[in-house]
Each structure stands twice: as structure tokens, then as C-alpha cells.
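S.K.: take this sequence and fold it.
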Amino acid sequence: MTESGPSPGLRLMLGTGLIGLGVAVFAIRLQHAGAYAVPSGGVMLGGLAAMLLGVVLLGSRTPRVLIWLVLAASPLVLFASLYAILAELGEVVSLYAADREGRSAELRLWIADREDGEWVGMPRSKAVEHALDGARVELLRNGSTRCVVPALHEDRATVRAIHALKLEKYAVARAASAIGLYPRDARASTVSLRLDPCPEG
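M.R.: Numbering: from 1, shown residues only. Alright, predicted model coming up:
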């Protein structure tokens, strides 16, 4: 059966919107100077899923049951795509590291500046997985890449202070915090890393 369920106008609006969001997940990263950061993992899947669902909604011969399945999945895909887009609106840096298997990884992170240096935060498990503490890694910021040595800090005073600086800097973080999607205070599993310049030589 190929008859559509929801009205053609609703399908056109939602389908076009989902395709636009999917494209934006990939396009938003073009605003940052330097090498393009290709979306990966859940971000890439969210963007591709949004485009796929949009195409399905716009199909003139799409079965009714499939239309309803797409509509049911749309809120989740919509949320994931919007979150991925909004996270890239402020300054985002890349740390080029390696995982436990030695595969190269690009970590996309918000960054905060303090009088004692540049700081990022992440779950401790991610820092350990990529052996960041004391490693020599490349930092892409403001279009230029340089060598840094992350120094891991776990004391709660430092972690809370860096988290507060990120909330102050990023409007998206404040908005997400207001609706419960981003923590107002650093989680117990969060650590901070100061990105020190690599020693010369």
C-alpha cells in the first residue's frame, strides 16, 4: 500500500527540515578555520539519519507504515542533530591523539582560557583511553596546529573552576544547562586537562 498517512504539507515540512538539519550537521564545521573536522560516531550517524528520514518523508510512494515509523523516530534524530549543530556554534578545538589500539582520533572539545593556560574537560575514561596525560599531541585552534602536552587534573576545585569557565564562555552550554541537558556542575567522572606547550627540541 503506497497511500500516505500524514498530510503532504506536513511531510514536506518535516522532510525538508530533516534534510536541512542533516546537511547542517556536516556544514556547521566549515565555519571553523583549519582542517575540516569530519563528523564521526554518533554525530555522523545522527546527520546521516536525519537526511535519510527526510528523503523517506518526501518520497511520493513511501508506504504509510514507514511514514509513521519515520515520524516516530524523528524527535530523537531531531534532538541529536540539533545538539551536534549547537555544540559547534562556539569555539571548538581538536586534539589529535590515538586510542588504545593506536588508531588516530580527533577529539572535538570546548576550551577555556585561564591565567595559567588553556584548559579542556572530558570524562576521565576518555582521557585514559587516549593516554592524554603527559602525551605529546597536536592541538588545532584558530586555524593553526601546534604541539601540546595535556596535564590531567582531578582535584574537584580545579575541575569545577574549569567547568564554570566553559559555562561562562559558551551560551549553548548555559542554555543546555537550563533545561537539564548539560550539567551545571562538573560530574564526578569529569577531569580537566591543561594544555601545556611541548618542550622545545
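
S.K.: for stretch 76-96, buried residues please.
M.R.: Buried residues in stretch 76-96, defined by neighbour count with 16 or more other CB atoms under 10 Å: 77-78, 80-81, 83-88, 92-95. Every C-beta, even on glycine, is put in place using the N, C-alpha and C of the backbone.

S.K.: any idea how far apart the tips of it sit?
M.R.: Stretch 76-96 has an end-to-end distance of 30 Å (CA to CA, to the nearest Å).

S.K.: hmm, who's touching the longest helix along the chain?
M.R.: Longest helix in the chain by number of residues (criterion: DSSP state H): helix 64-87. Helix 64-87 has contacts (CB atoms under 8 Å, 6 or more residues apart in numbering) with 1-6, 11, 14, 18, 21-22, 24-25, 28, 39, 42-43, 46-47, 49-50, 53, 56-57, 108, 110, 172, 175-176, 181.

S.K.: centre-most residue in this protein?
M.R.: A84 (4.9 Å; CA atoms, centre = their mean).

S.K.: can you tell me which of the contacts of helix 64-87 are in strands?
M.R.: R108 (DSSP state E).

S.K.: report the spatially nearest residue to A171, omitting neighbours in sequence.
M.R.: G90 (7.1 Å; CB to CB, 6 or more residues apart in numbering).

S.K.: run me through the strand neighbours of the longest strand along the chain, direction for each.
M.R.: What stands out as the longest strand in the chain, according to DSSP E, is strand 144-153. Counting by DSSP bridges, the strands paired with strand 144-153 are strand 137-141 (antiparallel), strand 190-197 (antiparallel).

S.K.: turn those into a markdown table, columns for mean pLDDT.
M.R.: Putting the strands paired with strand 144-153 into a markdown table (pLDDT from 0 to 100) gives the following:
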| stretch | mean pLDDT |
| --- | --- |
| strand 137-141 | 96 |
| strand 190-197 | 97 |
